[in-house]
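Student: Return a 3D structure for these sequence lines:
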Amino acid sequence: METILDQDASRSAEHKTLEDLCNGDYKIDLSKYMNKSFEIFQKEWALFGAYTFVMILIFLVSIITIIGPVLIAFPLAAGYHIACRKIQNGETLSFSDFFGGFSKFGDFVVLSLIQFAIIVVPSLAMGIFPAIAAEMGGDAGAVLMVFTLFLQLIFYVLIMAFTVLTYFSLPLILYGELSPSQALKYSFRIAKKNFWWILLVSLLAGIFAQIGVIACGIGLFFTAGFTEIFRYLAYEDVFGLASRRAEAE
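Tutor: Purely as a prediction, here's the structure:
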């Protein structure tokens, strides 16, 4: 009898090697991800909604530790990927499956801290400039404030670019079994070949997620997961779900 691992290996055997993908030998099929995301979601919409609700509660509690949300963000996001895989494989999905991302907790913490250092630390540093500008006052303060706004705009663009370039890092750890540094390296090299398409996928997934906010906030529990469902579908389509560790070593 064919096992789930056999299914994953067979599905991934049709995919390109990491080096092929680094050379841009793949495409992003936005319409397919849209259709599949709805198919997956509607099969277990209640569990997706319940998990999002619990996840938000966990985040609120973790804020007490300040660094807590940074440490648990990736393991919790990985829960959507695990759910998608089980649904696609025709397995029975249970609520506990959503927490399977914590099996890679150490790797996800390293990934989170790297991204925290690259994004959050510089943004906090730039927060000092408005205070300095207010203290200076006059024309010099106004010039510094304009310069700060310009820096913030540039930094926002860089954050968007960084988000796109690291788009595949989470599933490369979860399914590709790469180390955090390897996941970032290959995500950068591969994502840059289809930068604008991946940006479009991210934006579209974000729009679906925001629909819940518009619907009086209640719908958020049912739409927030679309960001990760899209990411899972893009990764599965491009990389497959088999381990890529041997290729990266």
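Student: contacts and neighbour counts: CA atoms only from here.
Tutor: Will do.
Student: could you measure A77 against T148, distance?
Tutor: Using CA to CA, to the nearest Å, A77 is found at 33 Å from T148.
Student: Over to N35?
Tutor: As for N35, its distance to T148 is 42 Å (criterion: CA to CA).
Student: Repeat that for R85.
Tutor: Taking CA to CA as the measure, R85 falls 44 Å from T148.
Student: Also F48?
Tutor: Separation of F48 from T148 (CA to CA): 41 Å.
Student: Repeat that for M34.
Tutor: M34 is 39 Å from T148, where distance means CA to CA.
Student: contacting residues for S179?
Tutor: S179 makes contact with 107, 173 under the criterion CA atoms under 8 Å, 6 or more residues apart in numbering.
Student: Can you name the element that comes right after whichever strand or helix holds A73?
Tutor: In this assignment (DSSP states H and E), A73 forms part of helix 68-88. Counting by DSSP H and E, the next helix or strand C-terminal to helix 68-88 is helix 105-126.
Student: okay, the angle between that following helix and helix 68-88?
Tutor: Between helix 105-126 and helix 68-88, the angle comes out at 130 degrees (axes from the mean of the first three to the mean of the last three CA atoms, to 10 degrees).
Student: who touches helix 105-126?
Tutor: With contact meaning CA under 8 Å, 6+ apart, helix 105-126 is reached by 70-75, 148, 152, 155, 159, 170, 173, 179-181.
Student: the more surrounded of N35 and T148?
Tutor: Set side by side, N35 and T148 show more neighbours around T148, with 18 against 10, by other CA atoms under 10 Å.
Student: coming back round to it: counting neighbours, which of the contacts of helix 105-126 comes out on top?
Tutor: Most surrounded of the contacts of helix 105-126: other CA under 10 Å gives L170, at 30 neighbours.
Student: my read: that one touches A73, true?
Tutor: No - counting by CA atoms under 8 Å, L170 stays clear of A73, with 10.6 Å between them.
Student: I'd say L184 and S169 touch.
Tutor: Yes - under the criterion of CA under 8 Å, L184 makes contact with S169 at 5.4 Å.
Student: and these two? which has more neighbours close in?
Tutor: S169 (26 against 23).
Student: Could you pull up the residues touching the more buried one?
Tutor: Contacts of S169 by CA under 8 Å, 6+ apart are 180, 183-184, 186-187.
Student: could you give the angle of the longest helix seen in the chain to helix 105-126?
Tutor: Assignment by DSSP state H gives helix 138-165 as the longest helix of the chain. Counting by the same axes, to 10 degrees, helix 138-165 lies at 160 degrees to helix 105-126.
Student: Tell me the buried residues in helix 138-165?
Tutor: The neighbour-count check on helix 138-165 (16 or more other CA atoms under 10 Å) flags 141, 144-145, 148, 155, 159, 161, 163-165 as buried.
Student: Nearest to I198 among those?
Tutor: Ranked by distance to I198 (CA to CA), the buried residues of helix 138-165 are led by V164 at 6.4 Å.
Student: The closest one touches N194, doesn't it?
Tutor: No - between V164 and N194 there is no contact under CA under 8 Å: 9.5 Å.
Student: S243: what secondary structure?
Tutor: What DSSP: H, G, I helix; E, B strand; the rest coil gives for S243 is coil.
Student: Good, wrapping up.
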